[in-house]
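**Student:** from the sequence below, what's the structure:
(one chain, ligands or ions: 2)
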Amino acid sequence: MTGGSEIEVLFSAECIARRVDTLAQRIAARYEREFLVVVVLKGSFVFAADLIRALDRAGAATRVDFITLASYGDATQSAGAVTLTHDLTEDVAGCDVLLVDDILESGRTLAFARDLLAGRGAASVRSCLLLDKKTLRKVPVEADYVGFEIGPAFVVGYGLDLAHRFRGLPYIGVPRA
Ligand code: IMP
Ligand code: MG
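**Tutor:** Numbers count the residues shown, from 1 in each chain. Ligands and ions are numbered 1, 2, ... in the order given. The predicted model follows:
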C-alpha cells in the first residue's frame with residue numbers, strides 16, 4: 001500500500017510546523033514590501049502552502065507563482081541537467097523574489113532557478129529550502145533560509161516523492177530498505 005508504515009520518521013509534522021513558523025518570522029522581518037514567492041514544483045508544494053500561510057501570520061505580504069524544474073525523473077540519483085518544464089506566469093522584472101524549494105542537494109536546481117530569475121531582472125532573489133543535503137553539493141550555492149540540514153539518505157513525505165509515492169505523508173522520513 002502507499003501508507004507510511006515503511007518509513008522511518010526523521011521530522012514529525014509538529015516539528016516541521018514549528019520550524020516553518022520560525023523561518024516565516026525571519027523571512028517576514030527581512031522584507032519591507034510585498035514580495036513574490038516562486039514555488040519550485042513539484043516537491044515543495046506542501047512546504048510552500050504552509051510557508052505562505054505562516055508568512056501571512058508573520059505580517060508579510062506575498063504574491064505566489066510556480067515554476068516546474070526537472071532533474072530526477074523516477075530515479076533517486078540526480079540526472080545532472082536541469083530543465084524548465086513549466087514557466088512562471090508573472091513578470092519578475094523589478095520584483096523581490098523568494099525562491100521556495102524542497103531540497104538543496106547538488107545545488108544545480110537552485111543555481112538554475114536563481115540565474116533564470118536574476119537574468120529576467122528580479123530586483124533581488126533569496127531562497128528558502130526545506131532541507132539541505134550539504135555533503136552532496138556539486139555547485140557552489142547556498143540557501144538564505146534552510147529548514148533542516150540532513151545527511152545523504154533519500155527522504156520522502158511532506159510533498160517529497162519516491163517515484164510519485166509518499167507525497168501526502170504529513171512527516172518527512174526515510175523509506176526502509
Ligand atoms: P539538486 O539539483 O541536486 O540540488 O536537487 C534538488 C532536487 O532533487 C530537489 O528539488 C528534489 O526535487 C530532488 N531531490 C533531491 N534529493 C531528494 C530526496 O531525498 N527526496 C526527494 N527528492 C529529492
Ligand atoms: Mg525539486
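**Student:** next one: phi and psi at the spatially most central residue of the chain?
**Tutor:** The residue lying closest to the centre of the chain (CA atoms, centre = their mean) is Asp101, at 1.6 Å. Reported as degrees, to the nearest 10, the phi and psi values for Asp101 are phi -140, psi 170.
**Student:** could you list the buried residues of stretch 26-36?
**Tutor:** Ile27, Ala28, Tyr31, Phe35, Leu36 (16 or more other CB atoms under 10 Å). The C-beta positions use only the backbone N, C-alpha and C, and glycine is treated the same way.
**Student:** these two touch, right, the fourth one and Thr62?
**Tutor:** Yes. Between Phe35 and Thr62 there is a contact at 6.0 Å, judged by CB atoms under 8 Å.
**Student:** beta-bridge partners for the residue nearest to the centre of the chain, please?
**Tutor:** Beta-bridge partners recorded for Asp101 (DSSP bridges): Leu129.
**Student:** how far away is it from Asp65?
**Tutor:** 14 Å (CB to CB, to the nearest Å).
**Student:** kindly report the same for Asp56.
**Tutor:** Relative to Asp65, and taking CB to CB, Asp56 is found at 17 Å.
**Student:** thinking again about what came up before, residue contacts, the residue nearest to the centre of the chain?
**Tutor:** Val40, Gly43, Ser44, Thr109, Leu110, Ala113, Ser127, Cys128, Leu129, Leu130 (CB atoms under 8 Å, 6 or more residues apart in numbering).
**Student:** tell me the one of those nearest His86?
**Tutor:** For those, the closest approach to His86 (CB to CB) belongs to Val40, at 10.4 Å.
**Student:** just to revisit the earlier point, so what's in contact with Phe35 and Thr62 at the same time?
**Tutor:** Leu98.
**Student:** near ligand 1, which residues of the chain?
**Tutor:** 43, 71-72, 78, 101-109, 154-155, 160 (CB under 6 Å from any ligand atom).
**Student:** list only those of these flagged as buried.
**Tutor:** Counted by 16+ other CB under 10 Å, the residues of the chain next to ligand 1 give 43, 71-72, 78, 101-109, 155, 160 as buried.
**Student:** pLDDT on whatever helix or strand Arg53 lives in, on average?
**Tutor:** Assigned by DSSP states H and E, Arg53 belongs to helix 45-57. Confidence over helix 45-57 (mean pLDDT, whole number) is 98.
**Student:** could you dump it to PDB, C-alpha only?
**Tutor:** In PDB, the C-alpha atoms belonging to helix 45-57 read as follows (Å, rounded to 0.1, in the frame of the first residue of the first chain):
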ATOM      1  CA  PHE A  45       4.100  22.500  -2.900                       C
ATOM      2  CA  VAL A  46       3.200  21.300   0.600                       C
ATOM      3  CA  PHE A  47       6.100  23.200   2.200                       C
ATOM      4  CA  ALA A  48       5.100  26.300   0.200                       C
ATOM      5  CA  ALA A  49       1.400  26.100   1.200                       C
ATOM      6  CA  ASP A  50       2.400  26.000   4.900                       C
ATOM      7  CA  LEU A  51       5.100  28.700   4.500                       C
ATOM      8  CA  ILE A  52       2.900  31.300   2.800                       C
ATOM      9  CA  ARG A  53       0.300  31.000   5.500                       C
ATOM     10  CA  ALA A  54       3.000  31.300   8.200                       C
ATOM     11  CA  LEU A  55       4.300  34.400   6.300                       C
ATOM     12  CA  ASP A  56       0.900  35.900   6.400                       C
ATOM     13  CA  ARG A  57       0.600  35.300  10.200                       C
END
